[in-house]
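Next one to model:
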Amino acid sequence: MGASRDLEKLSQSWWDKLAGAGRPDQERAARKFMALLGWKDAACLTGEGEEGPAGALGFQVTAGGRTLVLYFVKPGALDPPGAVIDQGLDFCLATRRLTAAAYRHKADYTFVTDLVRSYLYEMRTEELLLSANSFEEFQAEIAPVLQRREAGQGALDELRRQPRSYVARQLREWVGQWCTLLAEETGQSEQAAALALDRLLVLRYLHEHDILRHSGWRLRKRFADIVGAAMAGRFRGTGKAFTGLCHDIYFDWKADIFAPLPSLDDGLEHDALAGPLLGELGLIARGKFKPDTILESFNFGAADEKARVRMIPEEDHDRRAALNKVTPAGLDKLHFEVDIQDEGYRAVLHWYDALVQAYRQAAKAWKAQEQRNDGNGEDKDIDLFAWSEQDAKRPAALQAPLEHAIEQGLTIYYASPRQLRIARVILYLHVITRFEQEGCRFTRFPRLEASLKRRPKTYQRAGSREQAGAYSQSGQWGAM
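Numbers count the residues shown, from 1 in each chain. The predicted structure follows:
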């Protein structure tokens, strides 16, 4: 109880007396605060006479194999966490700057406080684990796990993380709010406005998984500069910079999701729209931009559409048999039709991966055949004409498997603009993931329009609609 009362007095003193005090007085108060929580050996991260980002005093402590960075800011430097969360955000500008600084110190957790308002983040996902709008909330929620003894025993690691459904709902609400606002301000339909948000989702993920960097393309810096300026309130020029970046990704890398849409792009060039949108984007945790979370964010609306988001791909024996018996000679003819209406969204990614895996297996067989034709690798004169003839027979699927699987290996049927939107977004995210995982040379994005087709009204699984469930188990398909 004594420590609790001392913390309360210190909080009051910080706001009443120390707001205008010099750095030595503030550091003494911060160290007393930490000592009351058991942290008596904190290493100061700012030198004498020096302030950290947002005018903060930074300290680093370690317990239980975890590094915790604590920042103390002057009264009023932090936005109320409740207001931040209500906007669908995870950071205010001050906490974003401070957590960015904490990365340099390899922090596992970052705590930011003005001794009234407080934020506690896990750095790996940037998740806002706990927050407090008042000292009383800090005492009740944060102080118990911030005690040195409890932290050393794993209290921070044991804090409840929000389930994916909750995180996805936050992302969905933020996207929905901006779709409505963009539609109102630009005079576009919400469907067109949603395209702007979809571009942002893909860009944000591409920023974290930059498959363009090997070409010398400076996507990460360009995007970070635009978002950083917007977060700092320097809106001038952000609209044109953003639409210019989208244009360049479309022109240089053939990403159709960024294809010009003049009526929407003209609206987004207005800094009064683009600036706040991009500024808020920078205040959302990276954990919200995982592919599974983005897909889950579409889990709303009609019950059948919600089911399609979570539907687990069924095994299709006909497709699997085709994959198992395919030879290099027949590889380019291997083709599957995936119906989102019946199979859900995850089936698109499942059979895309299955095709790529078949290509990889066929590539091994093709290489083995080449070695046999070359006399098991024995040295001999190179016949360029024979080599050229042999190479011309090489299946196209082996030359660019990640692109070929979409452009030639799949037809993906969608029954509504919503299904098209979701399929397009998750495919872009998945392609980015696969290129990064495999380290393939990236020259362009696959042409998704080659595989995404409107579902014909007469299209259905073999048999009647009543039999659709049974046929979905067997994988049989009706004639077009």
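
C-alpha from now on. contacts and neighbour counts both.
OK.

Return the residues in contact with residue 233.
275, 279 (C-alpha atoms under 8 Å, 6 or more residues apart in numbering).

Endpoints of stretch 333-344, how far apart?
Using C-alpha to C-alpha, to the nearest Å, the end-to-end distance of stretch 333-344 comes to 24 Å.

Buried residues of that stretch, list them for me.
334, 335, 336, 338, 339, 340, 341, 342, 343, 344 (16 or more other C-alpha atoms under 10 Å).

just stretch 258-274 next, same as before
So for stretch 258-274, counting by 16+ other C-alpha under 10 Å, buried means 258, 260, 264, 265, 267, 268, 269, 270, 271, 273, 274.

Taking those, tell me the two that lie furthest apart.
Spanning the widest gap among the buried residues of stretch 258-274 are 258 and 271, at 18.9 Å by C-alpha to C-alpha.

Where does residue 75 sit: helix, strand or coil?
Judged by DSSP: H, G, I helix; E, B strand; the rest coil, the three-state class of residue 75 is coil.

quick one: it and residue 15 touch, right?
Yes - contact criterion C-alpha atoms under 8 Å: residue 75 and residue 15 qualify, at 5.7 Å.

tell me, what's touching these two both at once?
residue 115.

follow-up on the earlier one: name the nearest of the buried residues of stretch 258-274 relative to residue 32.
Nearest to residue 32 among the buried residues of stretch 258-274, with distances taken as C-alpha to C-alpha, is residue 274, at 43.8 Å.

Would you check how far apart that closest one and residue 453 are?
Distance from residue 274 to residue 453, by C-alpha to C-alpha: 32 Å.

now do residue 350
Taken as C-alpha to C-alpha, the span from residue 350 to residue 453 is 18 Å.

Same check on residue 138?
53 Å.

the more surrounded of these two?
In this view residue 138 and residue 453 are compared by other C-alpha atoms under 10 Å, and residue 138 has more residues nearby, 20 against 15.

Run a quick neighbour tally on the spatially closest residue to the more buried one that is not a sequence neighbour.
Of all residues not flanking residue 138 in the chain, residue 132 sits nearest, at 5.2 Å (C-alpha to C-alpha, 6 or more residues apart in numbering). By other C-alpha under 10 Å, the residues close to residue 132 number 22.

Which members of the buried residues of stretch 258-274 occur in helices, if any?
264, 265, 267, 268, 271, 273, 274 (DSSP state H).

okay, those residues in a markdown table with pLDDT and distance to residue 99 next?
Output for these, formatted as a markdown table (pLDDT from 0 to 100; distance: C-alpha to C-alpha, whole Å):
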| residue | pLDDT | distance to residue 99 |
| --- | --- | --- |
| 264 | 90 | 34 |
| 265 | 92 | 33 |
| 267 | 91 | 33 |
| 268 | 93 | 29 |
| 271 | 96 | 27 |
| 273 | 95 | 26 |
| 274 | 96 | 24 |
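
And the strands in the stretch 351-480 of the chain, which stretches?
In the stretch 351-480 of the chain, the strands defined using DSSP state E, counting those that start in this stretch lie at 410-414, 452-454.

any chance of those in TSV, with mean pLDDT too?
Output for the strands of the stretch 351-480 of the chain, formatted as TSV (pLDDT from 0 to 100):
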stretch	mean pLDDT
strand 410-414	97
strand 452-454	96
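
Can you lay out those as TSV showing distance to residue 166?
Shown next, in TSV, are these (distance: least, C-alpha to C-alpha, whole Å):
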stretch	distance to residue 166
strand 410-414	27
strand 452-454	30
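
tell me the most buried of the ones you listed?
Of all those, strand 410-414 has the most neighbours on average by mean count of other C-alpha atoms under 10 Å, namely a mean of 23.

just how off-centre is that one within its chain?
Offset of strand 410-414 from its chain centre (C-alpha atoms, centre = their mean, to the nearest Å): 24 Å.

Correct me if wrong: residue 71 contacts residue 61.
No - the criterion here is C-alpha under 8 Å, and residue 71 misses it with residue 61 at 11.5 Å.

These two: which is more packed in?
With neighbours defined as other C-alpha under 10 Å, residue 71 and residue 61 compare such that residue 71 has more, 28 against 18.

Does the more buried one belong to a helix, a strand or coil?
Residue 71 - assigned by three-state DSSP - is strand.

Now do the buried residues in the top helix by length along the chain.
For the chain, the helix with the greatest residue count under DSSP H is helix 346-373. Using 16+ other C-alpha under 10 Å as the test for burial, helix 346-373 gives 346-349, 351-353, 355-359, 361-363, 366, 370.

pLDDT (mean, whole number) over it?
Helix 346-373 carries an average pLDDT of 86.

packing partners for it?
Here helix 346-373 touches helix 317-325, strand 336-339, helix 396-399, helix 401-407, helix 417-438, going by 3 or more C-alpha pairs under 8 Å, 6 or more residues apart in numbering; DSSP states H and E.

Mean neighbour count, these: which tops it?
helix 401-407 (a mean of 22).

Mind giving me the packing neighbours of that helix?
By 3+ C-alpha pairs under 8 Å, 6+ apart, helix 401-407 packs against helix 346-373, helix 396-399, helix 417-438.

what's the closest of those to residue 202?
helix 417-438 (6.5 Å).

in terms of contact, does residue 102 touch residue 69 like I think?
Yes - contact criterion C-alpha under 8 Å: residue 102 and residue 69 qualify, at 6.6 Å.

Quick check: neighbours shared by those two?
Joint contacts of residue 102 and residue 69 (C-alpha under 8 Å, 6+ apart) are residue 110.

Show me which of the two is the more surrounded one.
Higher neighbour count among residue 102 and residue 69: residue 69, with 27 against 24, using other C-alpha under 10 Å.

for the more buried one, which residues make a bridge with it?
Taking DSSP bridges as the rule, residue 69 bridges to residue 60, residue 110.

before we move on, back to that, with respect to residue 143, which of the buried residues of stretch 333-344 is nearest?
Using C-alpha to C-alpha, the buried residues of stretch 333-344 come closest to residue 143 at residue 344, 45.0 Å.

Need the phi and psi values for the closest one.
phi 90, psi 170 (degrees, to the nearest 10).

Excluding residues flanking it in the chain, which one is nearest it?
residue 308 (4.1 Å).

From residue 419, how far out is that neighbour?
9 Å.

can you check residue 207 too?
Taking C-alpha to C-alpha, one finds residue 207 at 25 Å from residue 419.

Likewise for residue 152?
Residue 152 is 48 Å from residue 419, by C-alpha to C-alpha.

about what we covered before: of the helices and strands packed on helix 401-407, which approaches residue 278 most closely?
helix 417-438 (18.8 Å).

neighbours around residue 161, how many?
13.

sec struct for it, please.
Quick answer, by three-state DSSP: residue 161 is coil.

Find the nearest non-adjacent residue to it, please.
residue 129 (6.8 Å).

what residues are up against that neighbour?
119, 120, 121, 122, 159, 160, 161.

so where's the stretch 1-150 of the chain uncertain?
1-2, 18-20, 47-52, 54 (pLDDT under 70).

which residue ranges form the helices in it?
Remark: helices assigned in the stretch 1-150 of the chain by DSSP state H, counting those that start in this stretch are 2-16, 23-36, 81-86, 93-103, 135-137, 143-146, 148-152.

now the angle from the second one to helix 2-16?
Between the direction of helix 23-36 and that of helix 2-16, the angle (axes from the mean of the first three to the mean of the last three C-alpha atoms, to 10 degrees) works out to 160 degrees.
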